[in-house]
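[1] Sequence and predicted structure below; questions after.
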Amino acid sequence: MSRPNRFAAQGSTLFLATLLVGGPASAQAPAAATPVAAAATWTPELAMRYRSIQGTAISPDGALVVYGLREPLMEGEKSEYLTHLWVVRSDGTGLRQFTRGEKSAGSPAFSPDGKWLAFTSSRSGTGQVWVMAVDGGEAEQVTSAEAGVSGYAWSPDGSRIAYLMANPETAEEKAAKREKRDAQIVDTDFKFAHLYVLPLRPDTAGKRPAARLTEGEFHVTSFDWAPDGQVLVFAHQADPRINSARLSAHLSVVAATAGGAVRPLVTGAGIHTSPRFSPDGRQVAFVSTGNQPEPIGLGDVYVVDAAGGTPRRLADTPDRSASLLSWSADGRSVYVTESIRTQRHLMALPVAGGPPRQVTQGTGVFGGVVLSANKLHLAFTFESSSVPADVHVSPVDRFVMRKLTDVHAGVPRPRMGRTEVVSWPSPDGKFTIDGILTYPVDYRQGRQYPLLLNVHGGPAGVFSESFTGSGSIYMVQVLAQQGYAVLQPNPRGSSGYGKEFRYANFKDWGYGDMDDLMAGVDRTIAMGVAHPDSLVLAGWSYGGFMTSFAVTRTDRFKAASMGAGLPNLISMTMTTDIPDYLVGHMGDEFWNDFATYEKHSAMYRIGKVTTPTQVIHGERDLRVPFTQGQEFYTALRRRGVPTEFMVLPRTPHGPSEPKLLMQVTPRLLRWFDQHLGRSRQAAYLP
């Protein structure tokens, strides 16, 4: 939270399947991790013990920090994640668990006076806002939103809470569902999210009647209170579909009382989101694509007078994909976070003009960044390739990290495969490509090892210097333990390297980007790390696309694994929930340009495949529909190419159940070992 009343919500992801994972420390370099008990080997079970930190908040005076700690529950029939909130003082003392129970708690936010902590939980059946005294006690449910709360924010004086709720089902719709006559017409009867506000103090009947602030056929996605609490600024799009967010989004202002008129603030053809009022309430900062949609991705920061007028674009950030947090206390800067090559940092962007100034310092990934209400203190998580994430604080004006937690104290830390960033020129000479290389655990110089080329999602994903030991689709240290070197490149199209780099694979999927990848493979061979005859390939989402396409262009890989891949761009465009994303990368609808779609689709080159290729896909994937994996598997099988199809039941665009997540890497290893002629390396492999 950048201020106590900032919008708190669960975000949504688009096409990216990249899973970003990352002591006392100075501004120059983090100190070594706390020593822990040794363990013999990295296994999926051990990787899952490295828990993730889900969201942070800092009290208005910077004295307290709260964070969510997510852990997998895998006993008996359970396969789910549970998140609870913890509180710690900013000097590192007084750590205590704040919420408990069988239902998760998240989206924490301190009240403006710092005495109360709000959070969301479905402990009463649907997601609602709960409030509990910071000193402890019983949590009280303060919202009774029929369809649940999707985001909320304290008012500046702490007397009210504004929240978002989708339109609930009507009585007729409920009856139709009960009576099994609830057939639906696609793309109609949308459940739009709208703004509500309620008082924290109950009325004489003990109720908190909510006032509805917006209504109509538009969908509110984010909002912010004006400092005087009289109005709210909000972003909205045409409907709730994720694809609609790629087409247009506007900003409007509404009074904080029922019946107020909605006043447009920023319209036009671009996508305008994440509004934040300045400290004096006279200006609104926001993120925008400019005067047109940018399907490949663009996020510049703009400022507009709160009364209306022409928005003014601030200086470019390094990647031009800023995530806007808040204003500085004096209103002279706004704070943003962004990927910078293989790291992620906080920057201050001057409102009057001038380049951004990097605030955070160090090699790794700074996440969950929040500022105290007085803008004097930062709270954030920090991780690196060899150090798991923990919560830290720092003064804003002089960055010096202070570690507050030791989340993984006592979790075994076996010897890790060393990880470093390597770089190489793209074959066409246009770019320098970075890759994150993890060596086998028992690496010996002069010996060559099997190499896994792991391709990220997106294509605008990015491999960052995050902790390599945690549980993910591709468990890097588990692979390294089994004698594999793992190369995770950021080819053209990746985030973190600027707009030109991100747009460089427009209408070129599978060609320039694949050349970048293969140059990285050759780099690791030239380093003496990778054995040229022991190469394997895997990727998820766009990484799955690249896997499917690569095996039509080369037979250098002994085996491959396509995860949630899209080998047929024509059928993909007509079945995904984000068709405009793919059309934006291909330049036009497929019926206007069959040649481009066919050129970049592995299915139209399937006759060239000889590489044994495994297929893994989620049964309920709407982003890259299940039929994409099915198409590729069936074609390979009918052609006699060695293949297998691993279906993850109940799974959307990536494993959401920990037990299913744990099955992917062992199955992957079994496939690779089989086709490399390696014997089984560990007892946990199936």
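    Nice, thanks for sending it over.

[2] Tell me, how many residues neighbour the residue nearest to residue 120 when sequence neighbours are not counted?
    Nearest non-adjacent residue to residue 120, counting by Cβ to Cβ, 6 or more residues apart in numbering: residue 107, 4.5 Å away. In short, each C-beta sits where N, CA and C put it, glycine included. Neighbour count of residue 107, defined by other Cβ atoms under 10 Å: 25.

[3] Report the residue ranges of every domain in the protein.
    If you go by automatic domain parsing, the domain ranges for the chain are 8-168+189-403, 419-676.

[4] Any chance of TSV for those, columns distance to residue 409 and mean pLDDT?
    Shown next, in TSV, are those (distance: least, Cβ to Cβ, whole Å; pLDDT from 0 to 100):
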stretch	distance to residue 409	mean pLDDT
domain 8-168+189-403	6	92
domain 419-676	15	98
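
[5] Nearest to residue 182, out of the ones you listed?
    Comparing the domains of the chain by their distance to residue 182 (Cβ to Cβ), the top pick is domain 8-168+189-403, with 10.9 Å.

[6] Could I get the full set of strands for the stretch 401-550 of the chain?
    For the stretch 401-550 of the chain, the strands defined by DSSP state E, counting those that start in this stretch cover 402-403, 419-425, 432-438, 449-455, 485-490, 530-540.

[7] Tabulate those strands (a markdown table), appending mean neighbour count and distance to residue 99.
    Shown next, in a markdown table, are those (neighbours: other Cβ atoms under 10 Å; distance: least, Cβ to Cβ, whole Å):
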| stretch | mean neighbour count | distance to residue 99 |
| --- | --- | --- |
| strand 402-403 | 16 | 23 |
| strand 419-425 | 16 | 34 |
| strand 432-438 | 22 | 35 |
| strand 449-455 | 26 | 36 |
| strand 485-490 | 26 | 35 |
| strand 530-540 | 23 | 32 |
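
[8] Turn those strands into JSON lines, columns for distance to residue 203.
    As requested, these are exported to JSON lines (distance: least, Cβ to Cβ, whole Å):
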{"stretch": "strand 402-403", "distance to residue 203": "44"}
{"stretch": "strand 419-425", "distance to residue 203": "58"}
{"stretch": "strand 432-438", "distance to residue 203": "57"}
{"stretch": "strand 449-455", "distance to residue 203": "57"}
{"stretch": "strand 485-490", "distance to residue 203": "56"}
{"stretch": "strand 530-540", "distance to residue 203": "51"}
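
[9] End to end on stretch 135-151, go ahead and measure it.
    With Cα to Cα, to the nearest Å applied, stretch 135-151 spans 24 Å between its terminal residues.

[10] So for residue 7, what's the pLDDT?
    Here the pLDDT value assigned to residue 7 is 39.

[11] hang on, the earlier thing: what's the most buried one of the domains of the chain?
    A comparison of the domains of the chain by mean neighbour count, using mean count of other Cβ atoms under 10 Å, puts domain 419-676 on top with a mean of 21.

[12] Please compute how far that one lies from its chain's middle.
    18 Å (Cα atoms, centre = their mean, to the nearest Å).

[13] Between the two ends of it, what distance do you get?
    End to end - Cα to Cα - domain 419-676 spans 24 Å.

[14] Looking at the chain, which helix is longest?
    helix 658-676 (DSSP state H).

[15] Look up phi and psi at residue 604.
    Main-chain torsions, residue 604, degrees, to the nearest 10: phi -80, psi 0.

[16] looking at it, it is touching residue 598, isn't it?
    Yes. Under the criterion of Cβ atoms under 8 Å, residue 604 makes contact with residue 598 at 4.5 Å.

[17] In contact with the nearest residue to residue 556 once chain neighbours are set aside: list those residues for me.
    Spatial nearest neighbour of residue 556, excluding adjacent residues (Cβ to Cβ, 6+ apart): residue 535 at 5.6 Å. Shown in contact with residue 535 (Cβ atoms under 8 Å, 6 or more residues apart in numbering): 450, 451, 453, 521, 556, 557, 558.

[18] Pick the one among those residues closest to residue 140.
    Within the contacts of residue 535, the smallest distance to residue 140 is 52.5 Å, found for residue 453 (Cβ to Cβ).

[19] before we move on, the earlier item: for residue 499, state which of the contacts of residue 535 is nearest.
    Within the contacts of residue 535, the smallest distance to residue 499 is 26.0 Å, found for residue 453 (Cβ to Cβ).

[20] what's across from the residue nearest to the closest one when sequence neighbours are not counted in the sheet?
    Sequence neighbours aside, residue 537 is the residue nearest to residue 453 in space, at 4.9 Å (criterion: Cβ to Cβ, 6+ apart). For residue 537, the beta-bridge partners under DSSP bridges are residue 453, residue 560.

[21] how close does residue 537 get to residue 605?
    Counting by Cβ to Cβ, to the nearest Å, the gap from residue 537 to residue 605 is 16 Å.

[22] Would you reformat the domains of the chain as a markdown table and include distance to residue 178?
    Shown next, in a markdown table, are the domains of the chain (distance: least, Cβ to Cβ, whole Å):
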| stretch | distance to residue 178 |
| --- | --- |
| domain 8-168+189-403 | 15 |
| domain 419-676 | 24 |
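
[23] among these, which is nearest residue 410?
    Smallest distance to residue 410 across the domains of the chain (Cβ to Cβ): 6.2 Å, for domain 8-168+189-403.

[24] Just say helix, strand or coil for residue 189.
    With DSSP: H, G, I helix; E, B strand; the rest coil as the basis, residue 189 sits in coil.

[25] next one: residue 366
    Following three-state DSSP, residue 366 is assigned to strand.

[26] give me the beta-bridge partners of it?
    Beta-bridge partners of residue 366, counted by DSSP bridges, are residue 382.

[27] packing partners for whichever strand or helix holds the residue nearest to residue 120?
    Residue 107 is part of strand 105-110 when elements are defined by DSSP states H and E. On a contact count with 3 or more Cβ pairs under 8 Å, 6 or more residues apart in numbering; DSSP states H and E, strand 105-110 meets strand 8-9, strand 52-58, strand 64-73, strand 80-89, strand 116-121, strand 151-154.
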